[in-house]
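1. I'll drop the sequence and a predicted model, then ask my questions.
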Amino acid sequence: MRNQYLLALLSAFLLWLGWPPVPYSSPILLIAFLPLLIAVENIIRNQTYIKKGKKIFFTAGLTAVLWNTASIYWVYNSISAVMPWYIAIFISLIPFLLGSLLMTLAFRLYYQMRKKTSIILSLFGLMAFWISYEYLHQSWDLAFPWMTLGNGFSNFHQLIQWYEFTGVYGGTVWIWLSNILIFLLYLNKKEMNILAKPRTITIILALLLLIPSSYSVIRYMTYEEHINPSQIVTVQPNIDPFGKFGHISPEEQLQTLMQLSKSVAKPNTEFFIWPETALSQRGDFDEEDFRSTSTFDSLINFLNDYKNGNVLSGIESYRLYNDKRTNTAREVGPNLYKDNFNAATLVDVSSKLQFYHKSKLVPGVEQMPFGTAINFLKPLFSAFGGTTGGYGKQDKPSVFYSQSGIGAAPVICYESIWGNYVAQYIQQGAQFIAIITNDGWWGNTSGKDQHLDYAKLRAIENRRWVARSANTGISGFINQRGDIIQKTDWWVPAALTQEINLSEELTIYTKNGDILAYLGLLGALLATLTFFKKSKTSNFIK
């Protein structure tokens, strides 16, 4: 087994090396699973091994845990900053191990399928099981789709311009098909697979690698944006998130935002993008009463210098009800209930005031998964400035519209890693994407760089500019090809201005969403039907 574990370690290293933020390394992912597939095959074919399913589980699990943990180690950084290290380690194990467990289950199901049917069908079953894990991990209460395989190509976006058709699941399929075909070539070389013809496989592999990448490079070189300019400012106030609700007063924070905005603004600036929770006060803002606050007055005075100006900002807000109309509303008095929100607002000089409530909430920090099942995570809420009962949310995205009719997608932090969710903004008329975030919780780790890289995928999928405002960095602008046109440094106050091109066209992905994920779910369902077949030992050498 020692050799099998070494192969598993090699796969973990290749997967980590190909993952963002290492630049231009993502093609490694096209071969990264090969050592693990070889290790699993060696276990299956070894006649002396017993409990092969258990051995495969631990071998695949070794790869998954090491790769997953090495890529999202920064989760520990954010938790350890507000809790003792031993508690931080314990809580960090949830994202480290949960995703790894789901990855590992895909390989365990693959082994179960191998006992019932041919190796080729089983390998395609493995791909379907993996896609199903990715879909589950973006859909349930513990959703964390950070490690979806297709995200890996965000560090080499010139190769995946075709995400405008498939989204990130196209990348997942591409990676798995490449690994499977190379694995079949390996088996042929070792004379371990009599069904596959090497020449045919080689041709299919060459086409699989060349056609998407060639199309992508041509598309990248020839893509032209329709000219429809709008002047945008994005602001990075660089306010320490751990001091935001302490020694830095809300008035000081607002002044910093306005001064930075003015330093780069032009008379024709149409949007000022401020980061997540940029507008705050002790006790948060009542959305019904926001117009009567001094903060709102300051915003209106600020906008008087900009004829078509709008402030799109994060805000800590709440709403009061006379009944418990949502699951997250907490009773604060007789017949009085309160919902707190991590929200965004659009302010202009008209009487119109728009709010959006973050929908994709961070498990354990902004929402309590599965009700009260894991109440031990409640201390995280107060540590990160949230509420002990969790935030309220809205069911679907909504678009902010300026007085001039420009539609902006207010994407708050964590939401930007959901391709299908961001596409819903575009379906509703958003002409550009405004990502507002506060990545300062993670410190100067690769988490902030990965988060920026993933924003490039949303630009390509929807062919929309992205204006990104991050409290401590990295803020910037990304064009419709996924190029980062401007960006700030980490942990410095800054403001950028950029003329972007608005777009109203819808890509195939924007219209249809994650069709490949649904096909993967169907494939996994069909694959499980083979479990009911009578076992045939001969299938292990097919």
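-> Structure's in. What do you need?
2. could you pull out the helices for the stretch 1-150 of the chain?
-> 2-18, 34-45, 52-71, 74-80, 85-114, 119-136 (DSSP state H, counting those that start in this stretch).
3. Can you lay out the ones you listed as JSON lines showing mean neighbour count?
-> All C-beta spots, glycine's among them, are computed from the backbone N, C-alpha and C. Below are these laid out as JSON lines (neighbours: other Cβ atoms under 10 Å):
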{"stretch": "helix 2-18", "mean neighbour count": "19"}
{"stretch": "helix 34-45", "mean neighbour count": "21"}
{"stretch": "helix 52-71", "mean neighbour count": "21"}
{"stretch": "helix 74-80", "mean neighbour count": "21"}
{"stretch": "helix 85-114", "mean neighbour count": "19"}
{"stretch": "helix 119-136", "mean neighbour count": "22"}
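4. Mean pLDDT lowest where, among the ones you listed?
-> Across these, helix 74-80 has the smallest mean pLDDT, namely a mean of 86.
5. ok, and what's touching that helix?
-> 87-89, 91-92, 95-96, 380, 441-443, 445-447 (Cβ atoms under 8 Å, 6 or more residues apart in numbering).
6. out of these, what pair is the most spread apart?
-> Ile87 and Ser446 (23.1 Å; Cβ to Cβ).
7. Give me the residue at the spatial middle of the chain.
-> Ile417 (2.0 Å; Cα atoms, centre = their mean).
8. Give me the distance between the two termini of stretch 178-198.
-> Terminal residues of stretch 178-198 lie 14 Å apart, using Cα to Cα, to the nearest Å.
9. in it, what counts as buried?
-> Buried positions in stretch 178-198, judged by neighbour count with 16 or more other Cβ atoms under 10 Å: 178-185, 187-188, 193, 196.
10. C-terminal to the host helix or strand of Leu184, what's the next element?
-> Per DSSP states H and E: Leu184 is located in helix 168-189. The C-terminal neighbour of helix 168-189 among helices and strands, as given by DSSP H and E, is helix 198-222.
11. So which residues make contact with that next one?
-> Looking at what lies outside helix 198-222 - Cβ under 8 Å, 6+ apart - the contacts are 30, 158-162, 174, 177-178, 181-182, 184-185, 188-189, 481.
12. of the buried residues of stretch 178-198, the lowest pLDDT goes to which?
-> Ala196 (58).
13. Quick check, Trp442 in contact with Asp449.
-> No. If you go by Cβ atoms under 8 Å, Trp442 and Asp449 don't touch, sitting 10.0 Å apart.
14. who has more neighbours, these two?
-> Under the neighbour definition other Cβ atoms under 10 Å, Trp442 and Asp449 were set side by side, and Trp442 has more, 23 against 20.
15. I'd like the distance between the more buried one and Leu457.
-> 19 Å (Cβ to Cβ, to the nearest Å).
16. what do you get for Lys197?
-> 36 Å.
17. again with Asn444
-> 23 Å.
18. higher neighbour count, the two?
-> Higher neighbour count among Asn444 and Leu457: Leu457, with 27 against 15, using other Cβ under 10 Å.
19. Surely the more buried one touches Glu164?
-> No. With contact defined as Cβ under 8 Å, Leu457 and Glu164 do not form a contacting pair (10.4 Å).
20. Tally up the residues packed near Asp305, please.
-> Neighbours around Asp305, by other Cβ under 10 Å: 11.
21. rewinding a little: could you dump the buried residues of stretch 178-198 into TSV and include distance to Asp240?
-> Compiled in TSV, the buried residues of stretch 178-198 are given as follows (distance: Cβ to Cβ, whole Å):
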residue	distance to Asp240
Ser178	44
Asn179	43
Ile180	47
Leu181	50
Ile182	48
Phe183	49
Leu184	53
Leu185	53
Leu187	55
Asn188	58
Asn193	58
Ala196	58
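22. Need the max-distance pair from those residues.
-> Among these, Ser178 and Asn193 lie farthest apart (Cβ to Cβ), at 17.1 Å.
23. number of nearby residues for Tyr321?
-> 13.
24. Against Asn327, how distant is it?
-> 12 Å.
25. likewise Phe144?
-> In terms of Cβ to Cβ, Phe144 sits 21 Å off from Asn327.
26. need the helices of the stretch 1-150 of the chain in a markdown table with distance to Phe153, can you?
-> As requested, the helices of the stretch 1-150 of the chain are exported to a markdown table (distance: least, Cβ to Cβ, whole Å):
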| stretch | distance to Phe153 |
| --- | --- |
| helix 2-18 | 9 |
| helix 34-45 | 18 |
| helix 52-71 | 14 |
| helix 74-80 | 20 |
| helix 85-114 | 18 |
| helix 119-136 | 14 |
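27. Tell me which of those sits nearest to Ser294.
-> helix 74-80 (32.2 Å).
28. chain center to the closest one, what's the gap?
-> 17 Å (Cα atoms, centre = their mean, to the nearest Å).
29. send the alpha carbons of that helix over as PDB?
-> Provided in PDB are the C-alpha atoms of helix 74-80 (Å, rounded to 0.1, in the frame of the first residue of the first chain):
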ATOM      1  CA  TRP A  74      -6.900  30.400   4.900                       C
ATOM      2  CA  VAL A  75     -10.200  29.400   6.500                       C
ATOM      3  CA  TYR A  76      -8.200  28.700   9.600                       C
ATOM      4  CA  ASN A  77      -6.600  32.200   9.400                       C
ATOM      5  CA  SER A  78     -10.000  33.900   9.500                       C
ATOM      6  CA  ILE A  79     -11.300  31.800  12.500                       C
ATOM      7  CA  SER A  80      -8.100  31.900  14.500                       C
END
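30. what are the phi and psi values for Phe271?
-> phi -130, psi 130 (degrees, to the nearest 10).
31. looking at the sheet around the closest residue to it other than its chain neighbours, what are its partners?
-> Distances taken as Cβ to Cβ, 6 or more residues apart in numbering put Ile232 closest to Phe271, at 4.8 Å, once the chain neighbours are dropped. Beta-bridge partners for Ile232, by DSSP bridges, are Phe271, Gln498.
32. So which residues make contact with stretch 256-274?
-> 230-237, 239, 278, 298, 302, 305-314, 402, 404, 406, 408, 434, 436, 467-469, 493-497.
33. Let's see which of the residues you listed end up in strands.
-> Residues of the contacts of stretch 256-274 located in strands (DSSP state E): 230-236, 310-314, 408, 434, 436, 467-469, 494-497.
34. show me the contacts for Lys324.
-> Contacts of Lys324 (Cβ under 8 Å, 6+ apart): 331, 337.
35. host element of it?
-> Judged by DSSP H and E, Lys324 forms part of no helix or strand.
36. Please look at Ala70 and Leu17 and confirm they touch.
-> No. In this structure Ala70 lies outside contact range of Leu17 using Cβ under 8 Å: 9.7 Å.
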